[in-house]
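In: predicted structure and sequence below. I'll ask about it afterward.
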Amino acid sequence: MRVLVEWGDHRTPLRYTVQGSNLGQASSVLRARGHQAGLFSWHVAYHLYCAHRPTVTRIKFSPTSSILMPTWPQYRIQPRLCQEEWDSIWNALMRHEVGHADLFESRLDALVAHLAHEPPMNSSKCRLYIDYQLNDIKKRERQYDINTSHGSRGVDITISRDCVGPT
Ligand SMILES: [Zn+2]
């Protein structure tokens, strides 16, 4: 079958604002957001083309993805050490979200490659197969979160006493 992939937004950076006059406050906002401290999101729309119904001869995928990350306006006025600690948190979060993006894109590539090698297919069978595979990506992402939740996400990084602020 002919399979086309037409990307829309691709790893589009999105930002949300974190309030807090010191790193202690800013990082507690991240902890409170839990898994949504950083967030990779994706969506795959697809269209099946049939030369003769119900046989699919061509498929077009339209994937989009984005990475939502925190931005902290008070960062500019923090001591160097605290800026570095925020950077470590931010970079660890970003690495985690990029891992989601890599996983998503490699599974989508595999799905496209598989379909490209298939002969024309019944449309309901084709739809079932694609939906199953897209759902499987979500399962793999949940497994990725379980496998990486300990220590690899920025929210787990210990903050120096000097950056926590008055208690
Ligand atoms: Zn995650």
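Out: Yes, it's here.
In: got any ranges where the protein has weak pLDDT?
Out: The model of the chain has pLDDT under 70 over residues 150-152, 167.
In: grab the longest strand from it for me.
Out: In the chain, taking DSSP state E as the definition, the longest strand is strand 55-71.
In: for that one, packing partners?
Out: With contacts taken as 3 or more Cβ pairs under 8 Å, 6 or more residues apart in numbering; DSSP states H and E, strand 55-71 sits against strand 2-5, strand 12-17, helix 23-33, strand 39-52, helix 80-116, strand 121-122, helix 123-148. Where C-beta positions appear, they are placed from N, C-alpha and C, glycine not excepted.
In: separation between Trp42 and Ala101?
Out: Per Cβ to Cβ, to the nearest Å, Trp42 is found 8 Å from Ala101.
In: now swap in His10 and tell me
Out: 9 Å.
In: and these two? Which one has more around it.
Out: Per other Cβ atoms under 10 Å, whichever of His10 and Ala101 has more neighbours is Ala101, with 17 against 12.
In: what's the spacing between the more buried one and Ser41?
Out: Taking Cβ to Cβ, one finds Ala101 at 10 Å from Ser41.
In: quickly list what's touching both of these two.
Out: Common neighbours of Ala101 and Ser41, using Cβ atoms under 8 Å, 6 or more residues apart in numbering, are 65, 67.
In: center of this structure - which residue?
Out: When Cα atoms, centre = their mean is applied to the chain, the residue found nearest the centroid is Phe40 (2.1 Å).
In: give the bridge partners for that residue, please.
Out: Ile67 (DSSP bridges).
In: what does stretch 25-39 rub up against?
Out: Here stretch 25-39 makes contact (Cβ under 8 Å, 6+ apart) with 18-20, 67-70, 72, 74, 86, 89, 93-94, 96-97, 145, 153-155, 159, 165.
In: change it to 6 Å
Out: Applying Cβ atoms under 6 Å, 6 or more residues apart in numbering, the contact partners of stretch 25-39 are 18, 20, 68-69, 72, 93, 97, 155, 159.
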